[in-house]
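sequence plus predicted model, see below.
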Amino acid sequence: MSSAPTAQGPLVVGVDSSTQSTKVLVVDAPTGRVVARGQAPHRVSAGEHRESDPQEWWDALCAALEQCGQAAREASAVSIGGQQHGLVTLDKDGCPVRPALLWNDVRSAPQARSLVERLGGPKVWADRVGSVPGPSFTVTKWAWLAEHEPAAARATAAVRLPHDYLTERLTGLGTTDRGDVSGTGWWASGSEEYDEGILDMVGLDPALLPRVARPGEIVGTVRDGGELPFSKGTLVGPGTGDNAAAALGLGLRPGTPVLSLGTSGTVYAVSERRPADPTGTVAGFADARGGWLPLACTLNCTQAVDRVAELLHLERDAVESGGTVTLLPYLDGERTPNLPHSSGVLHGLRHDTTPGQLLQAAYDGAVHSLLGALDLVLDADADRSAPLLLIGGGARGKTWQHTVQRLSGRPVQVPEAQELVALGAAAQAAGLLTEEDPSAIARRWDTARGPVLDPVERDEAALSRISGVLSDAAPLLDRAPQGE
C-alpha cells in the first residue's frame, strides 16, 4: 500500500481487472491524486489455451482492496474496468460452470469463420454489430462451447463478461455497459440493443444476458457481503472494457490517436461516427460515454517481444540497428492481421545478423501491425500530424518509444499517469458523484500530461520490407500447424 497527503474531497475507487492481475486505485475525486493502491495476480492456464477461474479475479480484487486499507473503506463510489471479450458462464447459483475463455484464446477460429458466413458475410456483420467477429469475440466462444461442451452450455444460467462478473459480485445485479458489450458480437451498434437474430443463430437465450446500463448510471450499491472493505451502500458504476476505460482515463477527445503496448497491442481513437469496417481490421466498439471507439487489436505485443529477448538471452533494450532481417512475431496466432493459426516467421537471416538486430526486428514486426491499422481507425478528417499517445506497459520502454517514432514518423506523447484503465474507472466513479462527463473529469486531473518526443523521419524501407514478407508469407501464415 502507498498513501498520499490528505484528500480534499470524496474518495473513489477504480479497478483494472486485466489478463494477469487486478489493480486498484483509490483516488481523490476533486484532484485525481492517487491516495492508495493495491495489486494482486491471477493465473492464466498454460499451454495453447487461455482460461482463468473467475473466482481468482474476485479473490485478487479483495486482496488488492485490502492493501488500500482505510482509504477503500472511506470510498463513496467504485467502478470496474476489465479485460474484454472473455466468456464467463455461471450456473443457477452464480458460480462459474467452467473457467472463463479469455480474449486471447483463439480455438473458436472455425466458429468465427462459420458465423461470418451464416449471417451473410463480413459486411452484414459490420453493418449490424459494427465489427466482423474473429475468435476473440464472445459470440464465437459461446458457439465453440455449445459445440464442444454442450453440457456446460446447458448448465449455464447467466453469461457475463469479466467486468460484468465482478460488478455483479459487488451489487448482486446483472449489468454491463455499452463499451464492453459492443465487443461480444451479439449487440447491435445501430439500435444499441441485443441482436436477437444473432443470439438465436448461436442458441443463446437473451434472458441469460445482463442489462445494458446507460453511461453515467448508478447500477447499484455495494451489498453487505463482508469480504470487501467498502461501506455498505457505496455507489457502483457501470464499469466498462479496459480500452474504453483507458479512453476515459486519458480524457480523449475525438481524433486523438492512442497506441497501447500491453500483452496485446491496440490502436484506437474516440469518434462521433459509428464505425463499420467490413474488412474486419477495425472493431467498431462503443465507448463508455455515448460515442464510439474504433479499435484494432493485435494478440502479440510486449509478451511476444519479451519472449524473443528471452530466447536470445538479451535484455529487452539490447537492440542493434541495421541488417535486413524481418521477424513477424505472431507467437499466439494473430488477430490483426486476422491469422489465428499463424506462428512466428523469420526471414532474411544471414551470417552477419546479430542477436540485437533480431530483437529489433521483433519490435518492428509488432509495431508494424499496429501502425498498419492506425489509418483505418482514424476518421478521414483526423490530423495525421497530431502526437500519438503511447500508453500501456511498454510505453516507457526506450526501444518501444523509438520504434514507434521511427515507423510512424509522428510525434509521440507518453503520459506520465500510470494505470490508465483504473484511472478511467475512477473517473467514471467520480462522475456518479458529480454527474459530470468522466472524460472531462480526467482532463481536469490532467492525466495525459507527459513528455512529447519529436518526430523522426519514417523508416519507409523497414515498413516496405515487413509488408513484403507479410504478403509473401501469407500461405504459410494461414495454414493450421501440423498435428492440430
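Good, I have the coordinates.

burial of W125, as a residue count?
For W125, the neighbour count with other C-beta atoms under 10 Å is 24. Where you see a C-beta, it was placed from the backbone N, CA and C, and this is true even at glycine.

the one 3 residues further on too?
The burial metric for R128, expressed as a neighbour count using other C-beta under 10 Å, is 21.

what sits against I218?
L235, V236, G237, L432 (C-beta atoms under 8 Å, 6 or more residues apart in numbering).

nope, L295 is what I was after
Each residue near L295 by C-beta under 8 Å, 6+ apart is listed here: N243, T266, V267, Y268, V282, A283, F285, V377.

that one is in what secondary structure piece?
strand 292-298 (DSSP states H and E).

just L314 next, same as before
Assigned by DSSP H and E, L314 belongs to no helix or strand.

tell me the confidence at it?
Here, the pLDDT recorded for L314 equals 98.

same check on Q482?
For Q482, the pLDDT comes out at 62.

what does G183 give?
Per-residue confidence (pLDDT) for G183: 96.

can you check T6 too?
Reported pLDDT at T6 in the predicted model: 60.

cool, and G9?
According to the prediction, G9 has pLDDT 77.

which one is it nearest to, not counting chain neighbours?
The shortest distance from G9 to any non-neighbouring residue, by C-beta to C-beta, 6 or more residues apart in numbering, is to P30 (4.1 Å).

and the residue of the chain positioned farthest from its centre, how far from G323?
What lies farthest from the middle of the chain is H351; by C-alpha atoms, centre = their mean that is 39.5 Å. Separation of H351 from G323 (C-beta to C-beta, to the nearest Å) stands at 11 Å.

give me the low-pLDDT residue ranges for the protein?
The chain contains residues with pLDDT under 70 at 1-7, 225-226, 480-484.

would you confirm that T176 contacts P238?
Yes. Between T176 and P238 there is a contact at 7.4 Å, judged by C-beta atoms under 8 Å.

list the buried residues of stretch 427-437.
Across stretch 427-437, burial judged by 16 or more other C-beta atoms under 10 Å covers A427, Q428, A429, A430, G431, L432, L433, D437.

output the longest helix belonging to the chain.
Secondary structure of the chain per DSSP state H: the longest helix is helix 355-377.

contacts for whichever helix or strand comes after it?
Sequence-wise, the next helix or strand downstream of helix 355-377 (DSSP H and E) is strand 388-391. The contact list for strand 388-391, computed with C-beta under 8 Å, 6+ apart, reads 246, 250, 256-261, 374, 400-401, 404, 408, 410-415, 420, 448.

try 7 Å this time
The set of residues external to strand 388-391 that reach it, using C-beta atoms under 7 Å, 6 or more residues apart in numbering, is 246, 250, 256-261, 401, 404, 408, 410, 412-415, 420, 448.

sheet partners, orientation included, of it?
Paired neighbours of strand 388-391 in the sheet (DSSP bridges): strand 258-261 (parallel), strand 412-413 (parallel).

hang on, R37 in a strand?
Yes. Judged by DSSP: H, G, I helix; E, B strand; the rest coil, R37 forms part of a strand.

my guess is it contacts T22, does it?
No. Applying C-beta atoms under 7 Å as the test, R37 and T22 come out as separate, 11.5 Å apart.

more neighbours: those two, which one.
The neighbour comparison of R37 against T22 (other C-beta under 10 Å) goes to T22, with 27 against 21.

that one - that's part of a strand, no?
Yes. Counting by three-state DSSP, T22 is located in a strand.

for it, give me its contacts.
Contacts for T22 were tallied using C-beta under 7 Å, 6+ apart; they are V15, D16, Q39, A40, H42, W57, A60, L61, A64.

same check on R223?
R223 makes contact with T171, G172, according to C-beta under 7 Å, 6+ apart.

and it, how far from A40?
Relative to A40, R223 is positioned 22 Å away (C-beta to C-beta).

then S189?
Distance, S189 to A40, using C-beta to C-beta: 34 Å.

more crowded one of the two?
Ranked by neighbour count (other C-beta under 10 Å), S189 and A40 place S189 first, with 23 against 19.

now list the buried members of the contacts of L295.
Among those, those classed as buried by 16+ other C-beta under 10 Å are N243, T266, V267, Y268, V282, A283, F285, V377.

next step: these restricted to strands.
Using DSSP state E, the subset of the buried ones among the contacts of L295 located in strands is T266, V267, Y268, A283, F285.

quick check, nearest of those to R211?
Comparing these against R211 with C-beta to C-beta places F285 closest, at 19.1 Å.

so who does the closest residue in space to V132 that isn't next to it in sequence touch?
Nearest residue to V132 in three dimensions, chain neighbours excluded: G280, at 3.4 Å (C-beta to C-beta, 6+ apart). Applying C-beta under 7 Å, 6+ apart to G280 gives the contacts P122, V132, G134, N338.

ok, now L358?
So L358 contacts L312, V325, L327 (C-beta under 7 Å, 6+ apart).

change it to 8 Å
L358 neighbours (C-beta under 8 Å, 6+ apart): V308, L312, V325, L327, L346, L349.

I figured the second one hits A361, correct?
No. At 10.9 Å, L312 and A361 do not qualify as touching, with contact defined as C-beta under 8 Å.
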